[in-house]
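Asker: Kindly generate the corresponding structure for this input.
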Amino acid sequence: MHITQLNRECLLHLFSFLDKDSRKNLARTCPQLQDVFEDPALWPLLHFRSLTELKKDNFLLSPALRSLSICWHSSRVQVCSIEDWLKSAFQRSICSRHESLVSDFLLQVCDRWGSVPARFRHLSWVRPANKSQEPRPMPTIGLYGLEAVWFCVLPEEGYHCLQKALYTPNRNLHNSTGRCPNLESLTLSGCGHVTDDCLGRLLCSCLRLRTLRLENCARVTNRTLVAAAAHGRALQTLHVDFCRNVSAAGLRRLRAACPRLALRAEHSATMIPDQAPRSPPAPGQAVRKLLLR
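Answerer: Numbers count the residues shown, from 1 in each chain. Alright, predicted model coming up:
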């Protein structure tokens with residue numbers, strides 16, 4: 001009996017025992033297995049042990065995603081945790097290779113787009129090239145509260161293509177597109193370049209998020225706690241361990257605002273936070289100080 005003769009449920013069960021690379025390699029053998037690989041039901045859980053895995057095409061982001069974890073345990077995490085103004089040129093070059101990987105990936109999780117081209121993502125009305133026709137209403141598809149109404153003159157054919165892209169579901173969405181509104185658990189460990197803005201946007205998009213675990217995320221501050229109180233409607237557990245820029249005052253305010261939230265902040269409030277950059281002395285300032293003495 002050939003593997004392709006199995007029904008879809010059996011194939012999904014077999015795929016579930018494989019890691020991401022093995023699933024991708026098996027999917028390359030025939031279109032039927034590729035179709036199983038692209039089934040969102042196969043991808044409710046995603047775990048990444050290094051940042052380079054985020055750049056691969058061996059997984060699928062879809063509304064079926066429930067749990068996501070990115071845990072990077074490397075010596076380079078210590079370099080990422082250094083304040084930017086204290087880094088040497090060599091350290092900055094190390095960070096430049098990966099500093100945007102996690103943030104870009106999380107923005108893909110937040111992305112509510114499928115196959116709509118980027119140049120159409122902020123349009124709320126579209127009209128064909130024939131100006132005698134009235135503008136045709138399209139859904140408001142701005143990302144976060146579109147403040148202005150935009151118009152785009154498109155050929156009649158282009159309008160229908162855009163309309164089809166907006167209303168046709170696309171299952172073949174790999175790691176470059178797709179939003180995961182049903183995400184319930186997110187774990188980030190050693191992600192030193194993740195910012196409050198990125199986490200705030202994720203909290204606004206994933207309204208079913210119940211568990212958020214952050215460990216050794218140097219750029220996470222009290223603003224993430226404020227975003228959790230404002231937008232974490234379903235949030236039940238929040239860990240901010242070894243996040244040095246989270247203060248005791250911010251934790252107290254969050255506990256007061258969300259008394260039912262299971263909050264843990266191991267060593268976060270006791271660590272030394274980032275310091276403001278020290279400007280170098282102006283030319284001649286040291287000489288003047290010496291003369292005044």
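
Asker: for Cys180, what are its contacts?
Answerer: Listed by C-beta atoms under 8 Å, 6 or more residues apart in numbering, the contact partners of Cys180 are Leu61, Ser62, Pro63, Leu65, Leu68, Val109, Cys206. Using the backbone N, CA and C atoms, a C-beta is placed for each residue, glycine as well.

Asker: Now list the buried members of those.
Answerer: Using 16 or more other C-beta atoms under 10 Å as the burial test, the contacts of Cys180 include Leu61, Ser62, Leu65, Leu68, Val109, Cys206 as buried.

Asker: Is it correct that the first one is in contact with Leu107?
Answerer: No: taking contact to mean C-beta atoms under 8 Å, the distance of 11.2 Å between Leu61 and Leu107 leaves them out of contact.

Asker: related to what we said a few turns ago, any chance of the buried ones among the contacts of Cys180 in TSV, with distance to Val77, secondary structure and pLDDT too?
Answerer: Below are these laid out as TSV (distance: C-beta to C-beta, whole Å; DSSP: H, G, I helix; E, B strand; the rest coil; pLDDT from 0 to 100):
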residue	distance to Val77	secondary structure	pLDDT
Leu61	24	coil	93
Ser62	29	coil	91
Leu65	25	coil	96
Leu68	19	strand	97
Val109	21	helix	92
Cys206	25	coil	93
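
Asker: which of these sit farthest apart?
Answerer: Farthest pair in these (C-beta to C-beta) is Ser62 and Cys206. Separation: 13.3 Å.

Asker: re the thing from before, now render the buried ones among the contacts of Cys180 as JSON lines, adding distance to Ser103.
Answerer: Converted to JSON lines, the buried ones among the contacts of Cys180 look like this (distance: C-beta to C-beta, whole Å):
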{"residue": "Leu61", "distance to Ser103": "15"}
{"residue": "Ser62", "distance to Ser103": "20"}
{"residue": "Leu65", "distance to Ser103": "18"}
{"residue": "Leu68", "distance to Ser103": "14"}
{"residue": "Val109", "distance to Ser103": "11"}
{"residue": "Cys206", "distance to Ser103": "15"}
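
Asker: from these, which single one is nearest Pro181?
Answerer: Pro181 lies nearest to Cys206 out of the buried ones among the contacts of Cys180, by C-beta to C-beta, at 6.2 Å.

Asker: hang on, the closest one packs against Pro181?
Answerer: Yes: with contacts counted by C-beta under 8 Å, Cys206 reaches Pro181, the gap being 6.2 Å.
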